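Engineer: Build me a model from this:
(3 chains)
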Amino acid sequence: MATAAIEIENLSKDYPFGFLHLKRKTSLEGLSMRVEDGEVFGFLGPNGAGKSTTIKLLVGLIFPTAGTARILGRSINDISMHADIGYLPEQPYFYDYLTAAELLDYFARIHDLPEQERKTRVDLMLKKVGLETARKIQLRKYSKGMLQRVGLAQAILHDPKVVILDEPMSGLDPVGRREVRDIILELKKAGKTVLFSTHILSDAEMLCDRVGVIVGGKLRGVGAPDEIVGMKAQGMEILFEYAGTDASLKPLLSKTTQTGRRYHLQIPEAELYATLQQLGVAGANILSVTQVKATLEEYFMHLVEADRAQAPAVEVSGK
Amino acid sequence: MISGASRVLLFAALLPGFAGVWRLQKTIDPERAAMYQEQDDLVLRSGPLLKAMSLEYAPLIADLYWTRAVQYYGNKHASEQTNIELLWPLLDVTTSLDPHLIVAYRFGSMFLSQQPPSGAGKPELAVQLLQRGIGANPEYWRFYEDLGFVYYFELKDYHKAAEAFLEGSKKPGALIWMKTFAARISEKGETLETSVMLWSEIYNSTSDPTIKQNAKIHLQLLHAQADCTELNQLASEYEKRNGRHPRNMREMINAGLLPGPAVDPAGYAYSFDAEGKAHINAASPLFKEQARNQKTP
Amino acid sequence: MRRAWVVALNTFREAVRDRVLYNLVFFALAMIAASILVGQVSIGIEEMVIVSLGLSAISVIGLLIAVFIGVGLVSKEMDKRTLYALLAKPVRRWEFLVGKFGGLVLTLTVNTAAMAIGLFLALKLVKTSGEALEGPVLVAVYFILLKLALVVALALLFSCFTTPLLSILYTVGLYIAGLFVTEMRTLQSDRMSQALRVAFRWLSYLLPNFENFDVMGAAAHGRAIPGMLIAQNTAYAVLYCAIVLTAAAAIFTRRNLK
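Structural biologist: Predicted coordinates:
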C-alpha cells in the first residue's frame, strides 16, 4: 500500500477568545483523513468551516492543539519537508517593492536552487502562469488575478511533490479560473498530489478525484464527488418548444415551467418514452433531453443546514 | 518546532547570558572611568548653540544640565577636589537654556563665589550670573540679596553691596531687612552681626539642601568665631589676674571665669594655643570646614 | 544560516527601495551647512563642534531608522501576510528573524559608513589643529553602530508580539533607561529602603547599558579610546543582541499567524 501523500490524524485547533482569553473557540475538531499519492483532493465547505485552518496547520503557519499530521511520511513539524511542498495562501500578498521575477528568484534562493536552475525555473514558471510580459513590473502594480498567478508560480517553482492551494480560484475572472484549472490538471498529469480548498462546487466536481466536506470544524464526508452524493438519477428533463393549442397536452403542460415559447418538463425516467411520443405527435419541437441528478450543491446545503440547526450560526474564525 | 517545555528551557538559557552581561559590564566600568579621569567633559559649552539645538525642549535640557551641575559640585565636594572649573560652563548653559531657573542662579552665585575648595573662587562670574538672572527676572528681589551677599563676603565691596541691598529692597515682596542691611553695611561695613543675619536669611529662605547645608556650616563657623572672641576676652581677664595666659579650659573653669567647658556648635570643647588664643578643637568637624572656608577668627 | 543571509539581503533591498537611504542627502546638507557656519559661531573649537554635531546627527538619524523600521520588521510581514508564503518554505523561523535583523543592521552599517565619510570630509574642511581626530571619531562611529544594532534587536523582539506603536514606546523607553544606568546604580536616597536600592542595582546591570557606547567627549577632544574598551563593547553588544534575539526566537517560533 502506498503511503498517503497527506495523512491527518485527529487534528484539532482551538483559539482563546473573549475578555482575558479565557474562553476557547474550536475551529477544527478531530479531523482525520488521507490524501493519496497523485490524487487531486478538494476541500469543500462554507466560509469559516475550517478549510483554511486545516491548510495552515499542514503548512506550519499555526500549531495544532491536538492530533498529528504527516506529509510524504514526515511530520508537519519537520521543516525540511517544506522543500517538497508548495503552498498558495488565500488572497496572497507579496513584497510589493519587488518585481515578479525578483520575487521568484528570492524564493528560489530560499529553496536552495543552484544558480543556473534558478534562472530556468523562474522563466518557466513565469511562462506557465502567463506573466512573462509583466516580469519586470513591480508587484504593487499587479491586479488581483496577476497576484494569484504569481502565488501559483511560487507554489510550484521548486517542482514540489505535493501542492496545497487555499482558494486558488477566488477573485479570478472566468479566463483566470480556466487557466488555474488547466494548471491543476497539468500537475495531476505530472503525478503530483494536489490539495485545494474551494467553495465553488462546480470546480470541485470537475477537477477532483475525491472531495472532503467540512462544516462547522468537522469532517462530514469524504469520497468521489458522485459517491458522496449517493447519486441516483432523479428523473429526466425535457426542453421543448410548442406553439400549438392541442388540448390533450394541457395536463402535461401544466406540469411544465414556461419561458416564452420554451417549456421545461421533469418526468420520471420510466415515463420518458411515452412522453416523447406524446409531444412528437402534438408537433412539439424537442430541443433537449437530460438526466437530472442530485448535485453536490444540494448535498452541501443539506449539510450546512443540519449543522446550523445544531449550533448557532456564529462564524468560526481563527482571527 | 519546539514544545512548550523547550520554550521554558530556552528562556532559562538566557540566565547565563545575563550573567555574562553582568561580568562584562564590570570590566567595562573601570575602563571607562579611566578614560574620563584626566579631564572632565562638557563638550558643548556654547549656550546659544545649545539653545538653538534644543528647539522647544530647552527647559527640559536645562533641567538635565542643572542636575549635572548639582551632581558635579556634589562629587567634587565629596571627594574633596579643589578644581571646580566646570561649574561655570554648566551653569552658563543651564541658565541660557532656561533663564527662569531661579535656583540655578542662587546656587551658582554661592558656589562660584566662595573660595576653593568649597567654591570656585570666581566671584566675578557669580556677579555676571546674577546680573543675567536679574535681566531675565527683573522683579525677583532675592537676586539682589545674593548680589549683595557676593559683594559683601567675597569682593569686600561694601559700597556695591549696600547698593544691591537697596535696589532689592524696592522690588515687590522684598523683606524689610533688605533696607536695614543696606543702611548697616554702608555705615559699618563688615560686621559679625550682619554676617550672621545674612547667612540666617539664606538658611531660612532656601529649600535646596546643598545651599542649606552650606549656610548652616557658615553659621556654625560664625558662632564659633563669636565664641572664640569671647573666650579671648575672658583669657585676657585671666592674664590680668594671674599674670600669664590660660593653658587650657580647666584653668579658666577653676578660676571661676567659666561655668563649664565651652563647646563649639558641633559639641567639641575649644582649645587654647601657645599664645593663649582660643581656637576650634582640631578634633571637631568644624575644624575641617574652617580650613575649607579659610575663615580664621 | 545561508537562508538567513538571503532574507537579510532582501530586507536590505526593501530598505533601499523604501528610500530609507535618502536621509543621507539631508545629512550631507546639514554637515555642509555646519562646516560653513561653525567658523562664525565658535573660534578655536571648530573641530570639536563638527565632531559633536556630526556624531549626534549620526546617532539620532540612526536611532530613527533603527526604531521605526525595526518595530515593523516582523509585525509588518504578519499584517500584510507576506510572511505566509515564505514560512511554508524550508526556512526556519529563527533564520527568518536573524535575516531580518541582519538586513536592517546591514542597512544601518551602509548608512552610518556613508555619514562617517561625510563627517570626515567636513572635518577636513575646518581643520585647524594638527590633532589626529580621525581615530577616535572612527571608534565613536563604530560604537554608535553597536548601539544601533542593539536597538534593532530590541525593536525586533517587540515586533514579534506587539503592535508597532507599543513597540516604539517600549524600545525608546528601554533606550532612555539604558542611558541613565549609572544614576540608577548610584542612587542615593535616604528615603529608599535597602531592598529597593538592591533592586535598582540589579536592574542597572540587567538593562542594556547604552552609556557604554558614548565616547563623544573623547572623540571631540581627540583622545584615544583604549583598545580594551573596543573589544569589551563589541563583546557586550554581541552578547546582548544574542540574548534578545534568542528571546525573540523563543516567542516567534510558536506564534500562530492569524
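
Engineer: Could you use CA atoms for every contact and neighbour count after this?
Structural biologist: Noted.

Engineer: Contact residues of the stretch 51-200 of chain C facing chain B?
Structural biologist: Residues of the stretch 51-200 of chain C found near chain B (CA under 8 Å from any CA of the partner chain) are C:Ser52.

Engineer: Just the closest residue of the stretch 51-200 of chain C to chain B, please.
Structural biologist: C:Ser52 (7.4 Å; CA to the nearest CA).

Engineer: what does chain A give?
Structural biologist: Closest point on chain A to chain B, by CA to the nearest CA, is A:Asn77, at 5.6 Å.

Engineer: thought B:Lys179 was touching B:Lys171?
Structural biologist: No. Checked against CA atoms under 8 Å, the pair B:Lys179 and B:Lys171 is beyond contact range at 11.1 Å.

Engineer: what about these two, which has more around it?
Structural biologist: Per other CA atoms under 10 Å in any protein chain shown, whichever of B:Lys179 and B:Lys171 has more neighbours is B:Lys179, with 20 against 15.

Engineer: Name the helix or strand of chain C that has the lowest mean pLDDT.
Structural biologist: helix C:181-185 (a mean of 76; mean pLDDT, DSSP states H and E).

Engineer: Output that helix as PDB, nothing but the C-alphas.
Structural biologist: Extracted in PDB, the C-alpha atoms of helix C:181-185 (Å, rounded to 0.1, in the frame of the first residue of the first chain):
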ATOM      1  CA  VAL C 181      22.100  53.200  34.200                       C
ATOM      2  CA  THR C 182      24.900  54.800  36.200                       C
ATOM      3  CA  GLU C 183      22.500  57.100  38.000                       C
ATOM      4  CA  MET C 184      20.400  54.100  38.800                       C
ATOM      5  CA  ARG C 185      23.300  52.200  40.200                       C
END
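
Engineer: Could you list the buried residues of it?
Structural biologist: With burial defined by 16 or more other CA atoms under 10 Å in any protein chain shown, the residues of helix C:181-185 counted as buried are C:181-182, C:184-185.

Engineer: measure the most centrally placed residue in chain B to B:Gly119 for me?
Structural biologist: Against the mean C-alpha coordinate of chain B, by CA atoms, centre = their mean, the closest residue is B:Asn214 at 4.4 Å. Distance, B:Asn214 to B:Gly119, using CA to CA, to the nearest Å: 11 Å.

Engineer: do A:Arg261 as well
Structural biologist: 115 Å.

Engineer: what's the answer for B:Thr229, then?
Structural biologist: For B:Thr229, the distance to B:Gly119 - CA to CA - is 27 Å.

Engineer: Then A:Ala309?
Structural biologist: Taking CA to CA as the measure, A:Ala309 and B:Gly119 are separated by 89 Å.

Engineer: The two: which is more packed in?
Structural biologist: Counted by other CA under 10 Å, A:Ala309 and B:Gly119 do not tie: B:Gly119 has more neighbours, with 25 against 10.

Engineer: Which residues are in contact with the closest residue to the more buried one other than its chain neighbours?
Structural biologist: Of all residues not flanking B:Gly119 in the chain, B:Phe111 sits nearest, at 4.6 Å (CA to CA, 6 or more residues apart in numbering or on different chains). Going by CA atoms under 8 Å, 6 or more residues apart in numbering or on different chains, B:Phe111 touches B:118-121.

Engineer: quick one: low-confidence ranges for chain B?
Structural biologist: B:1-6, B:36-49, B:52-57, B:80-82, B:294-297 (pLDDT under 70).

Engineer: how does it divide up, domain by domain?
Structural biologist: Using automatic domain parsing, the domain parsing of chain B gives B:47-210, B:215-293.

Engineer: Same list (those domains) but as a markdown table, adding distance to A:Lys192.
Structural biologist: Shown next, in a markdown table, are the domains of chain B (distance: least, CA to CA, whole Å):
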| stretch | distance to A:Lys192 |
| --- | --- |
| domain B:47-210 | 66 |
| domain B:215-293 | 92 |
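
Engineer: Which stretch among the ones you listed is buried most, on average?
Structural biologist: Of the domains of chain B, the one with the most neighbours on average (mean count of other CA atoms under 10 Å in any protein chain shown) is domain B:47-210, at a mean of 19.
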